[in-house]
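[1] generate coordinates for the sequence data below:
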Amino acid sequence: MALLNTLLLLAAALCIPGLINRTRARLAGRKGIRFAQHLFDVRLLLRKGAVYSTTTTALFRTAPSVILGTSLVALLFIPAGDLPALVSFDGDVVAFAYLLALGRGALILAAMDTGSSFEGMGASREALYGALVEPALMLTFGTLALLSGHTSFAALFDAGAGDDAKLIIVLLLAAYVLTKIVFTESGRIPVDDPRTHLELTMIHEVMCLDYCGVDLAYIKIATWLKSAALSMLAADAVAAAVCPRWWFAAPLAVLLTGLSVGIVESTQARNKLVRNTTFILTITALAALVFFTGYLLQLNIGIQ
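    Model prediction:
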């Protein structure tokens, strides 16, 4: 069952980018690229060698492997509905958050290692946004831990919501916060635009300008894995409130992120950089509100 869980997570990671592209194309009235085009693009990158600047050190060369490794290990902590995760222990919610932070830190250091002012600017923005979104992620995990009494993803959603309407609302709000976090962690509109080529406004993509070939493929795959992990957590929260089964949570994770990101990117413009901080702090404030509501529920205080 743990193997099936891992395969479902990997399938979600591969399907989400394709659904985003197809949703965006349909809403724009275009035929668009094929569903699996991103896989062919990465396959092409994997067949190419890497070129390194003489100004970079070993840090720049090892960063893609660190990013891919941390994202893959973090993905193995996540259960799909009622399936057991491949790796599970008490406190793995904290390990998950800081594995993602380790990957982000490696990319930031690699960008600064190039000596490029543009990549250093993107690294500065990435560090700021990561520091702002991390409290929202931890508050959401804290809310789920309060409701379940556990600090492991394997037991986090086991209790479910039953017929408790208040608990269902808290779980759905937690799922909403996690979905919003995906936009920030994946570098998507309205926070960032992966299709832009203007260095002065780029965040995630500008840090990868000096990467090519297999290294760039590793970074792209790591982004897919991170998005799938957060998407599955959001789907698990919804499933705990509605139907805690893997056959419901797994496709929901793909639809939740694929459709929401595709619709937002088709209907909204990217934020001005000065508004990104407000956007992320709003997510954190909502996460704090959800945590406070969950805390009141644990104290059996009535909320009118």
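[2] mean confidence for stretch 233-246?
    Mean pLDDT, computed over stretch 233-246, is 90.
[3] correction: the previous question concerned stretch 111-128.
    Taken as a whole, stretch 111-128 has an average pLDDT of 92.
[4] kindly report the same for stretch 295-302.
    Stretch 295-302 shows a mean pLDDT of 73 in the predicted model.
[5] in stretch 141-150, what's buried?
    141-145, 147-148, 150 (16 or more other CB atoms under 10 Å). For the C-beta atoms, the positions are set from N, CA and C on the backbone; glycine is no exception.
[6] for the lowest-mean-pLDDT helix or strand in the chain, give me every contacting residue.
    In the chain, the helix or strand scored least confidently by mean pLDDT, DSSP states H and E is helix 153-156, which has a mean of 86. Among residues not part of helix 153-156, those counted as contacts by CB atoms under 8 Å, 6 or more residues apart in numbering are 77-79, 84-85, 88, 92-93, 96, 144-145, 148, 150, 233, 236.
[7] all strands of this structure, in order?
    Taking DSSP state E as the criterion, the chain contains no strands.
[8] centroid-nearest residue for it?
    Among the residues of the chain, Ser227 comes closest to the average C-alpha position under CA atoms, centre = their mean, at 3.4 Å.
[9] which helix in the protein runs the most residues?
    Counting residues, the longest helix in the chain under DSSP state H turns out to be helix 117-148.
[10] doesn't Phe279 make contact with Val133?
    No - here Val133 does not reach Phe279: they are 9.9 Å apart, not a contact under CB atoms under 8 Å.
[11] coming back round to it: distance of the closest residue to the residue nearest to the centre of the chain other than its chain neighbours relative to Val242?
    With CB to CB, 6 or more residues apart in numbering as the measure, Ser186 is the residue that lies nearest to Ser227, at 4.7 Å, once sequence neighbours are left out. When CB to CB, to the nearest Å is the yardstick, Ser186 and Val242 sit 25 Å from each other.
[12] with Thr184 instead?
    Counting by CB to CB - Thr184 and Val242 are separated by 26 Å.
[13] so for these two, which residue has more residues nearby?
    Residue environment comparison for Thr184 versus Val242 gives the larger neighbour count to Thr184, 24 against 16, counting by other CB atoms under 10 Å.
[14] pLDDT weak spots in this protein?
    Within the chain, the set of residues satisfying pLDDT under 70 comprises 159-163, 199, 300-304.
[15] sorry, back to before: now for the contacts of helix 153-156: which two are most distant?
    Of all pairs drawn from these, the greatest distance, 18.4 Å, lies between Pro84 and Ala145 (CB to CB).
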